[in-house]
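Chemist: Mind looking at a prediction? Sequence and model below.
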Amino acid sequence: MQLHLDSFKFRYGIGLAKRPGNLMGLQYRSTTCTLTGLTISVTEPSPPRMLSSGQTLELLEPMSLRPLGKRVEEPARCRNRGFRVRLAFLLTGMLASMAVLWGCSGVVSGKPAITPPPPPPPQTYSISGTVTPLAGGSGATVTLAGATSATQTADSSGNYTFTGLASGAYTVTPSHVGYTFSPNSLGATINGANVTGINFAAAAQTFSISGTISPTVGGSGATVALSGAASGSTISDSSGSYSFSGLANGTYAITPNHTGYTFSPGTLAATVNGANISGINFSAAVQTGSTYSISGTISPTAGGSGAMVALSGAASGSTIADGSGNYTFAALANGTYTVTPTNTVTCTDQPSAGSHIPG
């Protein structure tokens, strides 16, 4: 509302007064002052009311104002009080802002804190090699021990690889049923780089068949023949001992022979299955007469080849039929014998047959 007065007194507000009013766009604390010879605008938050000349609103102290649109002169008390109020608000705002900045994590100097990226995963490496030849390398099991333990199966070319390994010391060991390896194991040290060329040579695992021919008079210098999965011959030593080495798994027949002697049994069979065989022994006797043999064939070859043939009766023994199914028992004296073939694949229609060597 517009007031045109020579002099009047009014109450105006500042800050949080109960009934604040606006004077020249500024908020004042409750104070009553006298205005003289001015035209002023007063806006009250409560419903406006008209004031008349001479109306008094709690005169507290005098105050002089300049014409409308110019700065209002306040008494020192009002100015000081207003200054203190404004300073208090200013300090409160500053302290509140500082509290927010200091108290809130992730804010530094008014800017969001930069979270450092996570560290990269540790570098890993590999150990690789080849097991040769293919017969022993393909499908071989390769074991890793040391800073990390693991197992790999070599591929069809005998290659293997261990991945995701940290730097450190390791040991690599191959294995394969029926094979030995050179070397048995190898060490590998990872030091910031992949390790290659950890290679092995596989060899078919072999075994032996051994025994003794006694007494030494008939056993010493005797010829011992090997047939079956492999063939060969050897001469027994002065003690009548003999041995066949480097044999793979399989079934074999051992037959001794010495001029002027007969042997019991005449032939023995032995099956190698992942271990050496010993104790294939024979007894030699001075031949007092002529000796003879019993032989035959097991057919067809699909069932006869490799079949085991046992001899019993006046002498005992066993032998292995050759690739054509043929077998022989030699150095037999006169007497009655029984011959019995067996094969894990094929059974014969005639389990056994008798044979008589006449005098």
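Modeler: Cool, the structure landed.

Chemist: State the distance from Thr251 to Ser295.
Modeler: Thr251 sits at a distance of 19 Å from Ser295 (criterion: Cβ to Cβ, to the nearest Å). For the C-beta atoms, the positions are set from N, CA and C on the backbone; glycine is no exception.

Chemist: ah, wrong one, I meant Gly303
Modeler: 18 Å.

Chemist: Repeat that for Ser175.
Modeler: Taking Cβ to Cβ, one finds Ser175 at 44 Å from Ser295.

Chemist: now swap in Ile114 and tell me
Modeler: 96 Å.

Chemist: same thing with Gly178?
Modeler: 34 Å.

Chemist: And for Thr132?
Modeler: 44 Å.

Chemist: And those two? Which one has more around it.
Modeler: Using other Cβ atoms under 10 Å as the criterion, Thr132 and Ser295 rank with Thr132 on top: 17 against 13.

Chemist: so what's the more buried one up against?
Modeler: 158, 199-202 (Cβ atoms under 8 Å, 6 or more residues apart in numbering).

Chemist: switch to 7 Å and redo it
Modeler: By Cβ atoms under 7 Å, 6 or more residues apart in numbering, Thr132 lies in contact with 158, 201-202.

Chemist: Run through the bridge partners of it.
Modeler: Beta bridges link Thr132 to Ala201, judged by DSSP bridges.

Chemist: do Leu226 as well
Modeler: Gly232, Ile254.

Chemist: what's the following helix or strand after the helix or strand harbouring Tyr327?
Modeler: Taking DSSP states H and E as the definition, one finds Tyr327 inside strand 326-332. Counting by DSSP H and E, the next helix or strand C-terminal to strand 326-332 is strand 335-342.

Chemist: how far off strand 326-332 does that next one point, in degrees?
Modeler: 150 degrees (axes from the mean of the first three to the mean of the last three Cα atoms, to 10 degrees).

Chemist: Show me what counts as buried in strand 335-342.
Modeler: Buried positions in strand 335-342, judged by neighbour count with 16 or more other Cβ atoms under 10 Å: 337, 339, 341.

Chemist: what does stretch 318-332 give?
Modeler: Here stretch 318-332 shows 318-322, 325-332 as buried, counting by 16+ other Cβ under 10 Å.

Chemist: Please apply the same query to stretch 281-296.
Modeler: In stretch 281-296, counting by 16+ other Cβ under 10 Å, buried: 281-284, 287, 291, 294, 296.

Chemist: And for stretch 153-160?
Modeler: 154, 158-160.

Chemist: from these, which ones fall inside strands?
Modeler: Judged by DSSP state E, these include 159-160 as members of strands.

Chemist: any idea which of the buried residues of stretch 153-160 is closest to Ser241?
Modeler: Gly158 (39.3 Å; Cβ to Cβ).
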